[in-house]
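Enquirer: model the following, please.
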Amino acid sequence: MSQACTGLTHFDDQGRAHMVDVSDKPVTARIAVARGAVKMSVETLALITEGRAKKGDVLGVARLAGIMAAKKTADLIPLCHPLPITKVSLDLTPDSSLPGIVVEATVKTGGQTGVEMEALTAVSIACLTIYDMVKAVEKSMTIEGIHLVLKDGGKSGRYEAKL
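Expert: Numbers count the residues shown, from 1 in each chain. Down below sits the predicted model:
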């Protein structure tokens, strides 16, 4: 089973998982943006936005958790390369139409491979942190729609999700 047959770069010719060799790839500016949401009741959303959660500043803690997660992605996802991340930012936006919190992460690097997994990990952990901080009030919250919005840089070029 060759890579050409499967199109999967994380498997060798015998079908065994391996870390892709990126040593011959040029260093380029790369960016990835991911998004997801935590849906909850109007009451729980108000608790968060009004700063009344017993565990403290839900959005501030979730933002830090997302940043930390992006930096630890290679420790969590077995075949990810450790990368010199140059920027991680998270926007956590209350949205009464969900109701809930929309989480968006932007990650940048100058490297030989992209930062999509770092952006997706940042969103996932920020959403889980929101859930953790207010689960005592509402266990029925859902984490939804985690996806890659944008990636740019490298050989494959630009990708933008079609929504």
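Enquirer: check contacts around the closest residue in space to Ile67 that isn't next to it in sequence.
Expert: Excluding the flanking residues, the one nearest Ile67 by C-beta to C-beta, 6 or more residues apart in numbering is Val88, at 4.8 Å. Quick note: C-beta positions are derived from backbone N, CA and C, even for glycine. For Val88, the contact set (C-beta atoms under 8 Å, 6 or more residues apart in numbering) comprises 66-67, 70-71, 105-108, 118, 122.
Enquirer: list the contacts of Val137.
Expert: 43-44, 47, 53.
Enquirer: any idea which of those residues has the most stuff around it?
Expert: Counting neighbours by other C-beta atoms under 10 Å, Thr44 leads the contacts of Val137 with 23 neighbours.
Enquirer: which pLDDT value goes with that residue?
Expert: In this model, Thr44 is scored at 98, pLDDT.
Enquirer: surely it forms part of a strand?
Expert: No. Read with DSSP: H, G, I helix; E, B strand; the rest coil, Thr44 is helix and lies in no strand.
Enquirer: excluding its backbone neighbours, what's nearest it?
Expert: Closest to Thr44 by C-beta to C-beta, 6+ apart is Glu138, at 4.5 Å.
Enquirer: would you verify that that neighbour is located in a helix?
Expert: No. Read with three-state DSSP, Glu138 is coil and lies in no helix.
Enquirer: where in the protein is pLDDT low?
Expert: Scanning the chain with the threshold set as pLDDT under 70 gives 1-8, 10, 18-19, 21.
Enquirer: tell me where it has strands.
Expert: Using DSSP state E, the strands found in the chain span residues 28-39, 85-95, 100-111, 142-152, 159-160.
Enquirer: centre of the chain to the fourth one, how far?
Expert: Which is strand 142-152. 7 Å (C-alpha atoms, centre = their mean, to the nearest Å).
Enquirer: one more: the second one?
Expert: Averaging C-alpha coordinates over strand 85-95 and over its chain gives two centres that are 10 Å apart (C-alpha atoms, centre = their mean).
Enquirer: can I get the contacts of Val137 in TSV including distance to Arg35?
Expert: As requested, the contacts of Val137 are exported to TSV (distance: C-beta to C-beta, whole Å):
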residue	distance to Arg35
Glu43	24
Thr44	20
Leu47	23
Ala53	23
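Enquirer: ok, Ile77 - how many residues close by?
Expert: Considering only other C-beta under 10 Å, Ile77 is surrounded by 13 other residues.
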